[in-house]
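Q: how would this look folded up:
(one chain, ligands or ions: 2)
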Amino acid sequence: MTVLEVIGLNYSFGKQPVLDDISLTLEKGDIAGLIGNNGAGKTTLMKLISGILERTNGTIDLKTKTVGALIETPALYPNMTVEANLKFYCRLYHKDYSLIDCYKEDLEVATYLKRKASKLSLGMKQRVGLFIALIASDEFILLDEPTNGLDPNGINSLLILIERLAKNHGLTFIISSHILSNLEQVCTKNYLLKNHKLTCLDDDANAKYKIYTEDLSMKSLMTLLKLNDLAFERQRHDILVKGIEKIKQVLGQEGIPFTYEKAGLSEVLFNGN
Ligand SMILES: Nc1ncnc2c1ncn2[C@@H]1O[C@H](COP(=O)(O)OP(=O)(O)OP(=O)(O)O)[C@@H](O)[C@H]1O
Ligand SMILES: [Mg+2]
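A: Ligands and ions are numbered 1, 2, ... in the order given. Just a heads-up that it's a prediction; the model follows:
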């Protein structure tokens, strides 16, 4: 089931273009990672999808009834306790207070429910922000750098929770992060925002694979790839290729056994993308 369909989205702040002809489709249960340099437009894209910013052209077809978002700092009433803030959002989104009990252990906020919001650390605020996003929607959630400010345990439990919510309850997520390993841990697909364009790094055209064979030296393997017009990158002791099906075909014809594995995000990003 499709949850979100973005087609031909452009966005500018005044004369400064930010997003150029962005298209993106998410299915129920997807955890989409969003990567891009500072200022690439990740937050802008999330604000447009969640409706915080108004779309000026293109299509954003949100097929869920609700959307939850943690974008920049969560809006908390500083003089109210965490619990009072959460109850406020339960009323706002017409949810039962029992939701607070349901998530308080997983989000590790149980120990500071009675503390005033103004007295929270950055990581604590992030967790409450995520809590509010979960109160707002049990269908589709946008998280802008949610691991920011969390300690390593907090990051791990957050990622496990996201994965569980997607797998067991069919929630769909978009998560932006500069920590590629965080995204690799949970994302079912990853997108790169660069030069105003959005690319899916897992498409056949973009996904990279490392290939290994014991039957040929590295030099002979590279020669064979060149002879067959197959593009590759050499990265120290690895050969990276795109279009694994064509490689399978060519090496298969030559009778050369080989193994391959999908390259990590950092290898995809820092080599020719
Ligand atoms: N309210 C605004 N008014 C004008 N320009 C803006 C506004 N918000 C963002 N921009 C510009 O839009 C571009 C994209 O910003 P955005 O915040 O979406 O980037 P980002 O990918 O989220 O970056 P970061 O990794 O630093 O969070 C930047 O050039 C930024 O200066
Ligand atoms: Mg941002």
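Q: Find the closest residue to ligand 2 in the stretch 1-150 of the chain.
A: residue 43 (3.2 Å; Cβ to the ion). No exception for glycine: its C-beta is placed from N, CA and C like everyone else's.
Q: mind checking the end-to-end distance for stretch 142-153?
A: 21 Å (Cα to Cα, to the nearest Å).
Q: Quick check: mean pLDDT of that stretch?
A: Mean pLDDT, stretch 142-153: 91.
Q: what about stretch 135-154, distance to the chain center?
A: 11 Å (Cα atoms, centre = their mean, to the nearest Å).
Q: Is that stretch positioned near ligand 1?
A: No: applying Cβ under 6 Å from any ligand atom, one finds stretch 135-154 separated from ligand 1 by no less than 6.7 Å.
Q: Is any residue of stretch 173-187 near ligand 2?
A: No: Stretch 173-187 lies out of reach of ligand 2 by Cβ under 5 Å from the ion, never closer than 6.5 Å.
Q: What residues of that stretch count as buried?
A: Within stretch 173-187, the residues scored as buried using 16 or more other Cβ atoms under 10 Å are 173-177, 180, 182-183, 185-187.
Q: now stretch 221-233
A: 221, 224-225, 230, 232.
Q: any idea how far it is from the chain center?
A: 33 Å.
Q: Return that stretch as PDB; C-alpha atoms alone will do.
A: Below are the C-alpha coordinates for stretch 221-233, written out as PDB (Å, rounded to 0.1, in the frame of the first residue of the first chain):
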ATOM      1  CA  LEU A 221      39.300  -8.700 -13.400                       C
ATOM      2  CA  MET A 222      39.500  -5.000 -14.300                       C
ATOM      3  CA  THR A 223      40.700  -5.800 -17.800                       C
ATOM      4  CA  LEU A 224      37.700  -8.100 -18.300                       C
ATOM      5  CA  LEU A 225      35.300  -5.500 -17.000                       C
ATOM      6  CA  LYS A 226      36.900  -2.900 -19.400                       C
ATOM      7  CA  LEU A 227      36.700  -5.300 -22.400                       C
ATOM      8  CA  ASN A 228      33.000  -5.700 -21.700                       C
ATOM      9  CA  ASP A 229      32.400  -2.000 -21.300                       C
ATOM     10  CA  LEU A 230      31.400  -2.400 -17.700                       C
ATOM     11  CA  ALA A 231      32.100   0.600 -15.500                       C
ATOM     12  CA  PHE A 232      33.700   0.100 -12.200                       C
ATOM     13  CA  GLU A 233      35.600   1.900  -9.400                       C
END
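Q: mind listing the helices for the stretch 1-150 of the chain?
A: Taking DSSP state H, counting those that start in this stretch as the criterion, the stretch 1-150 of the chain contains helices spanning 42-50, 82-92, 98-103, 122-136.
Q: okay if I get those helices as CSV plus mean neighbour count?
A: What follows is the helices of the stretch 1-150 of the chain, written out as CSV (neighbours: other Cβ atoms under 10 Å):
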stretch, mean neighbour count
helix 42-50, 22
helix 82-92, 18
helix 98-103, 15
helix 122-136, 21
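Q: between those, which one is nearest to residue 266?
A: Closest of the helices of the stretch 1-150 of the chain to residue 266 is helix 42-50, at 17.5 Å (criterion: Cβ to Cβ).
Q: Helix 122-136 and the closest one, what's the angle between them?
A: 20 degrees (axes from the mean of the first three to the mean of the last three Cα atoms, to 10 degrees).
Q: and the residue nearest to residue 136 when sequence neighbours are not counted, how many neighbours?
A: Closest residue in space to residue 136, ignoring its immediate chain neighbours: residue 68 at 3.6 Å, by Cβ to Cβ, 6 or more residues apart in numbering. When neighbours are counted by other Cβ atoms under 10 Å, residue 68 registers 25.
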